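1. sequence unknown, structure follows:
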């Protein structure tokens, strides 16, 4: 946690001057919580100490999983899709008869 009374705050995007990483990487690090930030109004700040702490821990994955979970429809979705299939199956049968 950043202690704003003891640490010097710098704008988050200025961390590129301390560490050679891209802007999208900085945004991913802040979104995942690996780079500690403080929001003051609309601006986001970090500290040199927070950057050093992030570098000490290395590129570890955050506590949140970034793995995509396969979609599993719930029972309501299955019931709705079955209803739609039955409701509109006559249209496909009519099209086959016309052909």
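-> Nice, I can see it. The shown structure was predicted, so the numbers you read here are calculated from the model rather than taken from an experiment. Numbers count the residues shown, from 1 in each chain.

2. Helix, strand or coil: sort out residue 21 for me.
-> Recorded secondary structure, residue 21: coil (DSSP: H, G, I helix; E, B strand; the rest coil).

3. what number of residues lie near residue 10?
-> Residue 10 has 16 neighbours, counted by other C-beta atoms under 10 Å. C-beta here means a position set from N, CA and C on the backbone, and glycine is covered the same way.

4. swap in residue 21?
-> 14.

5. Need the phi and psi values for it.
-> With angles defined as degrees, to the nearest 10, residue 21 sits at phi -130, psi 160.

6. So it sits against residue 15, correct?
-> Yes. In this structure, residue 21 is within contact of residue 15 by C-beta atoms under 8 Å, at 7.3 Å.

7. got any ranges where this structure has weak pLDDT?
-> The chain contains residues with pLDDT under 70 at 1-6, 58-74, 90-99.

8. quick one: the strands in it?
-> Counting by DSSP state E, the chain has strands at residues 9-11, 38-40, 43-47.

9. Save those strands as CSV, and put in distance to residue 88 too.
-> Conversion of the strands of the chain to CSV gives the following (distance: least, C-beta to C-beta, whole Å):
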stretch, distance to residue 88
strand 9-11, 55
strand 38-40, 49
strand 43-47, 50
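
10. Single out the most deeply packed of those.
-> Highest mean neighbour count among the strands of the chain (mean count of other C-beta atoms under 10 Å): strand 43-47, with a mean of 18.

11. Walk me through which strands that one pairs with, and which way each runs.
-> As defined by DSSP bridges, the strand partners of strand 43-47 come to strand 9-11 (antiparallel), strand 38-40 (antiparallel).

12. Select, out of these, the one closest to residue 54.
-> With C-beta to C-beta as the criterion, residue 54 lies closest to strand 9-11 of the strands paired with strand 43-47, at 13.3 Å.

13. Please name the residues that touch residue 55.
-> Contacts for residue 55 (C-beta atoms under 8 Å, 6 or more residues apart in numbering) come out as residue 19.
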